[in-house]
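1. My questions concern the predicted model and sequence given below.
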Amino acid sequence: EAGVAQSPRYKIIEKRQSVAFWCNPISGHATLYWYQQILGQGPKLLIQFQNNGVVDDSQLPKDRFSAERLKGVDSTLKIQPAKLEDSAVYLCASSPRDTYTEAFFGQGTRLTVV
Amino acid sequence: EDKVVQSPLSLVVHEGDTVTLNCSYEVTNFRSLLWYKQEKKAPTFLFMLTSSGIEKKSGRLSSILDKKELFSILNITATQTGDSAIYLCAVEGYQLIWGAGTKLIIKP
């Protein structure tokens, strides 16, 4: 079974620039999560999709972050404009149902904002 | 405010030692406690605990939950260098709240 694919693996940008991350979940998984993990901290949920609908985006900084999951399959997360404090690993996870125990994580994208 | 606190923050032991990692929580509407192992960047699921006093076991790893005292422990016996990782605890209430993790280093 192919895992959750994320790209790019690494990204370095200057503050105020824009960046986008891509995630392709495991085939058939209805639920997709985007997490932000700052160094030394646990993951923080940014947004949860169920198919192509948003279930929870309460912790997404909507003034600069946006995410979409068109057609209920792959997803993109965008930051515009980036700030220094956005430096983190962005993890995508998917699960067949709305249950964290069956969630599989991708390898993440490490973003450095300079 | 809901919170999950893990201790110690980091731990260095020698191969063959036994380690105990702690996770304490204050989470509204507790539903479950989850343990994950994070190597490099991707966390992988280890255990889900919902009931007090029932040990979950997988090989050399085991975990137990105390819902009265609001904590869980993760034990690893006969540690190996491959156990080196960050171990994350997450508690599911109205949302999934993550701890900061324990960084475990196993020296050969």
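-> Looks like it came in fine.

2. How about the contacts made by residue A:60?
-> Residues counted as contacts of residue A:60 (CB atoms under 8 Å, 6 or more residues apart in numbering or on different chains) are A:46-47, A:67. Glycine gets a C-beta too; all of them are placed from N, C-alpha and C.

3. Filtering the residues you listed by proximity to chain B, which remain?
-> Residues of the contacts of residue A:60 in contact with chain B (CB under 8 Å from any CB of the partner chain): none.

4. Residue A:112: neighbouring residues, count only.
-> Using other CB atoms under 10 Å in any protein chain shown, residue A:112 has 13 other residues around it.

5. cool, residue B:45 as well?
-> Other residues within reach of residue B:45, judged by other CB under 10 Å, total 16.

6. can you tell me which residues contact the closest residue to chain B within chain A?
-> Ranking the residues of chain A by distance to chain B (CB to the nearest CB) places residue A:42 first, at 3.0 Å. Counting by CB under 8 Å, 6+ apart, residue A:42 touches B:4, B:88, B:90, B:98-101.

7. Of those residues, which pair is most distant in space?
-> Between any two of these, the greatest separation by CB to CB is 11.1 Å, found for B:90 and B:100.

8. neighbour count winner among the two?
-> For residue B:90 versus residue B:100, neighbours defined as other CB under 10 Å are more numerous around residue B:90 (24 against 18).

9. Next one: that one from chain A, what distance?
-> 7 Å (CB to the nearest CB, to the nearest Å).

10. Now do the same contact list for that residue.
-> Taking CB under 8 Å, 6+ apart, one finds A:42, A:100, B:4, B:33-36, B:96-99 in contact with residue B:90.

11. Looking at those, which is nearest residue A:81?
-> residue A:42 (26.0 Å).

12. how about low-confidence regions in chain A?
-> Residues of chain A meeting the criterion pLDDT under 70: A:1.

13. near chain B, which residues of it show up?
-> Taking CB under 8 Å from any CB as the test, the list of chain A residues beside chain B reads A:40-45, A:56, A:58, A:89, A:91, A:100-103, A:105-108, A:110.

14. Just the buried ones from these?
-> A:42-45, A:56, A:89, A:91, A:100, A:102-103, A:105-108, A:110 (16 or more other CB atoms under 10 Å in any protein chain shown).

15. give me every residue that touches whatever residue of chain B ends up closest to chain A.
-> As assessed by CB to the nearest CB, chain A sits closest to residue B:98 within chain B, at 3.0 Å. Taking CB under 8 Å, 6+ apart, we find residue B:98 in contact with A:41-44, B:4, B:88-90.

16. how about the nearest residue to it, chain neighbours excluded?
-> residue A:42 (3.0 Å; CB to CB, 6 or more residues apart in numbering or on different chains).

17. Next one: the one you found relative to residue B:38, how far apart?
-> For residue A:42, the distance to residue B:38 equals 9 Å [CB to CB, to the nearest Å].
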